[in-house]
Every structure is written in C-alpha cells, then in structure tokens.
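S.K.: Okay, structure incoming, though there's no sequence with it:
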C-alpha cells in the first residue's frame, strides 16, 4: 500500500510539473498577437505610364484586403486603376488585380520600411486602339507609419507592368494610403 501511495504521489507531482511546462510552451508573446490580423487598405496617388505613343501621367487609386501573419510578413489581394492617360489621339486606362506579399522590416519605432512583389492579371484599355490584357506583376517599396494600434499611413513606390505581345504597358507610381487592421 505504501508503494501505491508513493507512486500516486509521484504521478501527481509529475502531472503538476508537466502541465506547467506545457502551459509555458503554449504562451505566445502579446506582440505576436498584436502583429497578426486582417486589414483593409486604400491608396491614391500619381502614375506615369510608359506605353505606345507619348508618355503621360494620371491619377491612380486602389484598395484591398489582406492578412498580417507576423511582424515581418503580410499579404493582400488588391484591385488598382490608373487612368485617362492622354495618348494623343486616344485615352488609356490601366487596371490590375494582384496578390501581393510584403516583407516588413521592423525598426522598433513607429516607422516600418517594406519591400513587396505581386502577381495577377491586368487590362490596358484604349478608347481608340486595341486593348491589352494579360499577366501582370508589381514591385513595391515604401514605409508605413503607425498612427495607432489599428491604423497605419503608407507611402510607397510601385512599378506595375502588364505582359502582352509587343509593347507592354508599364507604370511608375507614387502612392499614399491608409491600412486599418482589425
């Protein structure tokens, strides 16, 4: 009986110790939870088009929904439009839908630089000439500034191109926007 009591007591102590160890392993730092979550974004800015005919610039706007995986990595799906480029005899607009990945570079301050790349589909619509459409890609760089725990302002550069046979519509864009994390 003494052996059974000693064994049960030892089992109880081991259970108590192992439960504490498992609970400590399950803790995720609060900073990790703060970095995670869904977000909405909206951007506006100016775009410079390099395409057939004279180069021109125009207003650009876009928005999307994304997810922040941790303090380093986020992804979003966004739709963007830039348009009414004056191409001489015609006007052109460019639209894309892209899936994007961003590498955020934490600095320990309210400013977070980032690099990003996106893939998707795009359309260059010309009101006189033939339309272009096909695979689109984007390359981004910029910085976000934390305005609160949920809201960030973003300033960035984006190169966007639609791949098609012949001359591809290419844009250089400067955008400012807001990102709201839930």
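M.R.: That came through, no problem. None of the values given here were measured: they were computed from a predicted structure.
S.K.: how deep is residue 116 tucked in, by neighbour count?
M.R.: 19 (other CB atoms under 10 Å). Just so you know, the C-beta spots here come from the backbone N, C-alpha and C atoms, and that holds for glycine as well.
S.K.: helix/strand/coil for it?
M.R.: With DSSP: H, G, I helix; E, B strand; the rest coil as the basis, residue 116 sits in strand.
S.K.: Spit out the contact partners of it.
M.R.: Neighbouring residues of residue 116 by CB atoms under 8 Å, 6 or more residues apart in numbering: 100, 101, 102, 103, 138, 139, 140, 141.
S.K.: so how far is residue 74 from it?
M.R.: In this view, residue 116 and residue 74 are 9 Å apart by CB to CB, to the nearest Å.
S.K.: so what sits against both of these two?
M.R.: 101, 102.
S.K.: And the pLDDT at residue 2?
M.R.: With respect to pLDDT, residue 2 scores 53.
S.K.: give me the element the residue lying closest to residue 163 once chain neighbours are set aside is part of.
M.R.: With sequence-adjacent residues excluded and distances taken as CB to CB, 6 or more residues apart in numbering, residue 163 is closest to residue 135, at 4.5 Å. Here residue 135, judged by DSSP states H and E, is contained in strand 132-146.
S.K.: now what about that strand, what contacts it?
M.R.: 96, 98, 100, 102, 104, 110-124, 126, 152-164, 166, 168-169, 175, 179.
S.K.: Now the one helix or strand residue 122 maps to: buried residues?
M.R.: Per DSSP H and E: residue 122 is located in strand 111-126. Neighbour-count burial for strand 111-126 flags 112, 114, 116, 118, 120, 122, 123, 124, 125, 126 (criterion: 16 or more other CB atoms under 10 Å).
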